[in-house]
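# Have a look at this fold, sequence not included:
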């Protein structure tokens, strides 16, 4: 259980665990990418309310996509396709830890592809990726750039079918293979670092239950429902924490 230590003391312990372990797994959420300028769409602000008639969770649902594909794509192009974003220090350090043989895998709830852009190889994308889009009729691949520059509902250049992002929408199930891989890495990890997630979205948040070790690190600016389960709690921004890692 988490002891009442200062962030500074916990930071020392965190760096020690990183230094001593070669079986680290990272599980991250939207907070990993906000420092790259990608907004957390679940943080509903006035802009959404002025511009859209529905909350993001409604627009990004399977049923809404089926019933209102034009409105779905208006939001998707505007808010989800941040194709100019670059990896930040957290993405970069995670890739370096993997290259050094210390980090075994990255499990992410994000759909922006920034972990791979930073050089991470073993990335499990629980919610898919905006970089992959497929025709629902013939499965022809369509790039994110083509989606961004299209109008209305994107159509397949090959057969004219409707194109759908390879993103897990609300009401849709996670990819079973990706989920099984994530469970495997979490259950076998010595050090599990959870960062930048409110641990409020299921089934992803339930993955913490598969961790069997005693080095659970929780890094998040605000409190989460899982804080008391952490062996180490660091309430700071991810960039502030990861920039201190020396590899």
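Great, that's in hand. Nothing here was measured: the structure is a model prediction, and the numbers come from that model.

# Okay, now the unreliable bits of this structure?
Applying pLDDT under 70 to the chain flags residues 1-5, 41-50.

# who touches the most far-flung residue of the chain relative to its centre in this structure?
For the chain, the residue at maximal distance from the C-alpha centroid (Cα atoms, centre = their mean) is residue 159, at 32.2 Å. By Cβ atoms under 8 Å, 6 or more residues apart in numbering, the residues touching residue 159 are 135, 137, 138, 140. In this view, the C-beta of every residue, glycine as well, is placed from N, C-alpha and C.

# which residues does residue 170 form a beta bridge with?
residue 61 (DSSP bridges).

# ok, now which ones touch it?
Shown in contact with residue 170 (Cβ under 8 Å, 6+ apart): 57, 60, 61, 62.

# one more time with 10 Å, if that's ok
56, 57, 58, 59, 60, 61, 62, 63, 64, 65, 201 (Cβ atoms under 10 Å, 6 or more residues apart in numbering).

# how about the strands in the protein?
24-28, 103-108, 123-125, 128-135, 141-142, 163-167, 191-195, 216-219, 232-234 (DSSP state E).

# With mean neighbour count added, can I get the ones you listed in CSV?
Output for those, formatted as CSV (neighbours: other Cβ atoms under 10 Å):
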stretch, mean neighbour count
strand 24-28, 26
strand 103-108, 26
strand 123-125, 23
strand 128-135, 19
strand 141-142, 16
strand 163-167, 20
strand 191-195, 25
strand 216-219, 24
strand 232-234, 22
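
# how about those strands, which one is nearest residue 79?
If you check each of the strands of the chain against residue 79 by Cβ to Cβ, strand 128-135 wins as the nearest, at 10.5 Å.

# what lines up beside that closest one in the sheet?
strand 141-142 (antiparallel), strand 163-167 (antiparallel).

# now the nearest residue to residue 142 once chain neighbours are set aside, which residues is it bridged with?
Distances taken as Cβ to Cβ, 6 or more residues apart in numbering place residue 133 nearest to residue 142, at 4.4 Å, with adjacent residues excluded. Listed by DSSP bridges, the beta-bridge partners for residue 133 are residue 142, residue 165.

# Identify the residues contacting the residue nearest to residue 108 when sequence neighbours are not counted.
Among residues not flanking residue 108 along the chain, residue 28 sits closest, at 5.2 Å (Cβ to Cβ, 6+ apart). Residue 28 sits next to 90-91, 94, 106-110, 115, 193-197, 219, 238 when contact means Cβ under 10 Å, 6+ apart.

# Residue 6 now?
Residue 6 makes contacts with 12, 234, as judged by Cβ under 10 Å, 6+ apart.

# likewise residue 82?
Per Cβ under 10 Å, 6+ apart, neighbours of residue 82: 33, 36, 37, 38, 39, 111, 112, 114, 130, 144.
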